[in-house]
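Student: Pasting the sequence and the predicted coordinates here, then a few questions.
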Amino acid sequence: MTHQSEVARVSRRSLLAFLSAAPLLPGCEWATSSPMARVARFVKPQEKWTADHLFEFLRALPPAAMLDLKRSQGLVHRDSTEKELFGPEPDARSIQDHLLWLSSNFFAYPFRDVTGHSYHDTVTWVAKKADVHKALVDTSVTFALERELHKLLFAQLWDKLTPDQRRNLLKKIDPTESIADKTAIAAMGGATAITALSGTVAFAGFTFYTTMSMTIATVASAVGVTLPFAAYTGASAVVGVLSGPVGWAIAGAAALGGAVLAGRPNVRKTTALVAQIHALKIEALRAAKVPEHEIFLA
């Protein structure tokens, strides 16, 4: 996997030009009634996210998305409703504080400032723990590192499937039969399968997140969990499984990191939360119909 392949990038100049022209562009839905589309302006995929970036993004989430996020983190009961949310700002701060807690040593946490702790530093820490290539960790923006973590989560989920289940998954993600040697790929371990699939349509641009959703659904089915039909419909049709609490209950079980030691930062849960935040970014970009080429380099 090279530095250039599959690394999300947007040039600062082209993105600013796109932002300024957005209200006038055909198909641009940032100013429409779509709740997630209006969040897209806060994604800023070309930047290394600060605490403020994360807060503004979380604060902009519609109540349904915030409720899913808090459910998946166990911050509210699974049967809670939007009426039990506190409001955009306190809910955003609660997610930030939860992320800080997960990624902190028990003794250091009381002395860390949630409003000043860089989100990019947290993502970089997780990426290092996950053995993302050092060149990527050192040079990538936050969005790109989050995508790399998704790819590593894909590998762990892939390893939970049998060769037959993998072949069936490959058929689902490749209805046009553009991926050759499916039987050979199905016999590979997750890390090798990523290399084999990285140059295919299954890992390209937005399609990669469809692949991730299908993989989570396949793993869920393999362990006897049926995801609700609502996960595949509405505004979350493509990444509903990724950004919903049921899907991440499955993905969280595969999240990167070893055993959790008392008082130590929880790499596994931090990874799952970072990956879910990234999924919400993708959902916002898709809802706003932001052109794929504005976000991803081939």
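Tutor: That came through, no problem.
Student: C-alpha only now, for contacts and for neighbours.
Tutor: Will do.
Student: Break down the chain into its helices, ranges please.
Tutor: Per DSSP state H, the chain carries helices over the ranges 12-21, 51-60, 63-72, 88-102, 119-129, 134-139, 142-158, 163-173, 182-186, 190-197, 207-222, 240-243, 245-253, 267-287.
Student: wait, which of those is closest to Met36?
Tutor: Nearest to Met36 among the helices of the chain is helix 267-287; the distance by CA to CA comes to 4.8 Å.
Student: for the record, mean pLDDT for the closest one?
Tutor: Regarding helix 267-287, the rounded mean pLDDT is 89.
Student: So Thr270 is in contact with Val126, correct?
Tutor: Yes. The criterion here is CA atoms under 8 Å, and Thr270 meets it with Val126 at 7.4 Å.
Student: so where is the chain shaky, pLDDT-wise?
Tutor: Applying pLDDT under 70 to the chain flags the ranges 1-33, 106-107, 111, 223-263, 297-298.
Student: do that again at 80, thanks
Tutor: 1-33, 78, 105-113, 217, 220-264, 297-298 (pLDDT under 80).
Student: For Glu148, give its distance to Leu197.
Tutor: Glu148 sits 14 Å away from Leu197, going by CA to CA, to the nearest Å.
Student: Comparing those two, which residue is more hemmed in?
Tutor: Glu148 (22 against 15; other CA atoms under 10 Å).
Student: what's around Lys151, how many residues?
Tutor: With other CA under 10 Å as criterion, Lys151 counts 21.
Student: Is it correct that it is in contact with Ile194?
Tutor: Yes. Counting by CA under 8 Å, Ile194 is a contact partner of Lys151 at 7.3 Å.
Student: residue contacts, Ala40?
Tutor: Trp30, Lys281, Ala284, Leu285, Ala287, Ala288 (CA atoms under 8 Å, 6 or more residues apart in numbering).
Student: now with 6 Å?
Tutor: By CA atoms under 6 Å, 6 or more residues apart in numbering, the contact set of Ala40 is Ala284, Leu285.
Student: any idea how far it lies from Pro62?
Tutor: 12 Å.
Student: got it, and Leu145?
Tutor: In terms of CA to CA, Leu145 sits 25 Å off from Pro62.
Student: The two: which is more packed in?
Tutor: Leu145 (27 against 17).
Student: Burial check on the closest residue to Asp52 other than its chain neighbours, number of neighbours?
Tutor: Using CA to CA, 6 or more residues apart in numbering and skipping the chain neighbours, the partner closest in space to Asp52 is Thr115 (7.1 Å). Residues near Thr115, counting by other CA under 10 Å, number 14.
Student: Could you do Pro63 as well?
Tutor: There are 19 residues near Pro63, going by other CA under 10 Å.
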